[in-house]
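K.L.:
3D model of this:
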Amino acid sequence: LALVALRRPGGNPVPARLAAWLAWGVHTLALVLLAVTYGRAPVGGLHEALSALVWAVVAWHLWMERRFRVAALGAFVLPVAAVLGLAAAAMPGSLLAFRSSPEVGWLWVHGLLLLFGFGAFALNFAGGLMYLLQERQLKSRRPGPVSSRLPSLELLDRLTFQALVIGFPFLTFGLLLGVLAAAAGEGLRLGPTQGLSLLTWGIYAATLYVRLVRGWRGRRAAYFAIAGFVAVVVTLSVGLALPSRHIRLL
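P.N.:
Residues are numbered from 1 along each chain as shown. Model (predicted):
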């Protein structure tokens, strides 16, 4: 619905917005029921983790759409959520049994913080894509119908930066808690997932640096946003393929 509203002349984004709110509300209820039933955060296993990530992506999208009044945002964010939802459906079911220990409790918080951060970075990625598309449309001799539905480059740049500022603290504290939980459990070891997580953090830290110190904005900031989210996707993919370390800690 969001894509149709973006591409069709006179397209109405309201049906897509209402559908997103309804789906997010039902999803919220399902996650709350799961947490109450099992007495833990709803991130036990690959299926739940991806499901919670979908929830976080849509939550940030609904908030950002309302804050910046960018009706076209859903056309770039909701397809990402849909792909993540399909991946969640293909993953194994919930992890019902887990050890009761302080490090496990911190591990739940670690997972939730990372998912909130990754969700915000999906908005950062979408803002970067929208910026590059709008810039290309404005430079074209014949801008397409999409251009009239996208906001100004200045607004898209602010949206992209806002998503980065929101996501980076979640990523930072999430990684820190993961290190502490690992140290209290099996000890610190740098595996592929941990290395990629640090690389992802480094990309977003560099993005903040060049933005705040060097004044990089616009197209260069958009490229950084895309590169950062590619790192997020690679990190998630490797984490899903090699989940054994987290499962052992639980």
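K.L.:
mind checking how far residue 165 is from residue 29?
P.N.:
With distances taken as Cβ to Cβ, to the nearest Å, residue 165 is found 30 Å from residue 29. C-beta coordinates here come from the backbone N, C-alpha and C atoms, glycine included.
K.L.:
where does pLDDT dip in the protein?
P.N.:
Applying pLDDT under 70 to the predicted model, the residue ranges of the chain that meet it are 1-13, 92-105, 145, 184-189, 243-250.
K.L.:
the helices in it, which residues?
P.N.:
With helices called from DSSP state H, the chain shows them at 2-7, 14-38, 46-68, 73-90, 102-139, 153-184, 192-212, 218-241, 244-249.
K.L.:
higher neighbour count, residue 165 and residue 29?
P.N.:
Each of residue 165 and residue 29 has its neighbours counted (other Cβ atoms under 10 Å); residue 165 has more, 14 against 10.
K.L.:
what's the more buried one in contact with, if anything?
P.N.:
residue 208 (Cβ atoms under 8 Å, 6 or more residues apart in numbering).
K.L.:
same question, the one 5 residues further on
P.N.:
Taking Cβ under 8 Å, 6+ apart as the definition of contact, the neighbours of residue 170 are 113-114, 116-117, 120.
K.L.:
and those, which are buried?
P.N.:
Buried residues within these, defined by neighbour count using 16 or more other Cβ atoms under 10 Å: 113-114, 116-117, 120.
K.L.:
could I get the phi/psi values of the residue of the chain most remote from its centre?
P.N.:
The outermost residue of the chain, judged by C-alpha distance from the chain's mean C-alpha position using Cα atoms, centre = their mean, is residue 141 at 34.4 Å. Dihedral angles phi and psi of residue 141 (degrees, to the nearest 10) take the values phi -70, psi -30.
K.L.:
separation between it and residue 130?
P.N.:
21 Å.
K.L.:
try residue 193
P.N.:
As it turns out, when the distance is counted by Cβ to Cβ, residue 193 lies 30 Å from residue 130.
K.L.:
the more surrounded of these two?
P.N.:
Each of residue 193 and residue 130 has its neighbours counted (other Cβ under 10 Å); residue 130 has more, 25 against 20.
K.L.:
contacting residues around the nearest residue to residue 168 once chain neighbours are set aside?
P.N.:
Distances taken as Cβ to Cβ, 6 or more residues apart in numbering put residue 204 closest to residue 168, at 5.3 Å, once the chain neighbours are dropped. Residue 204 is in contact with 121, 164, 167-168, 171, 228, counting by Cβ under 8 Å, 6+ apart.
K.L.:
if we use 10 Å, what do you get?
P.N.:
Listed by Cβ atoms under 10 Å, 6 or more residues apart in numbering, the contact set of residue 204 reads 117, 121, 124, 164, 167-168, 171-172, 224-225, 227-229, 231-232.
K.L.:
which of the residues you listed count as buried?
P.N.:
Neighbour-count burial (16+ other Cβ under 10 Å) applied to the contacts of residue 204 gives 117, 121, 124, 164, 167-168, 171, 224-225, 227-229, 231-232.
K.L.:
could you redo the residues you listed as TSV and give each row distance to residue 215?
P.N.:
As requested, these are arranged in TSV below (distance: Cβ to Cβ, whole Å):
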residue	distance to residue 215
117	24
121	22
124	18
164	15
167	21
168	18
171	23
224	13
225	16
227	19
228	18
229	22
231	23
232	25
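K.L.:
tally of neighbours for residue 72?
P.N.:
24.
K.L.:
I'd like to know how far it sits from residue 205.
P.N.:
Spatial separation of residue 72 from residue 205 under the definition Cβ to Cβ is 29 Å.
K.L.:
skipping its backbone neighbours, what lies nearest residue 193 in space?
P.N.:
If you skip the residues right next to it in sequence, residue 193 has residue 239 as its closest partner in space, 4.6 Å away by Cβ to Cβ, 6+ apart.
K.L.:
contact partners for the residue nearest to the spatial centre of the chain?
P.N.:
In the chain, the C-alpha closest to the average C-alpha coordinate belongs to residue 119, at a distance of 2.1 Å (Cα atoms, centre = their mean). If a contact means Cβ under 10 Å, 6+ apart, then residue 119 has 52-61, 77, 80-81, 84, 163, 166-167, 170 as its contacts.
K.L.:
nice, that's everything, thank you.
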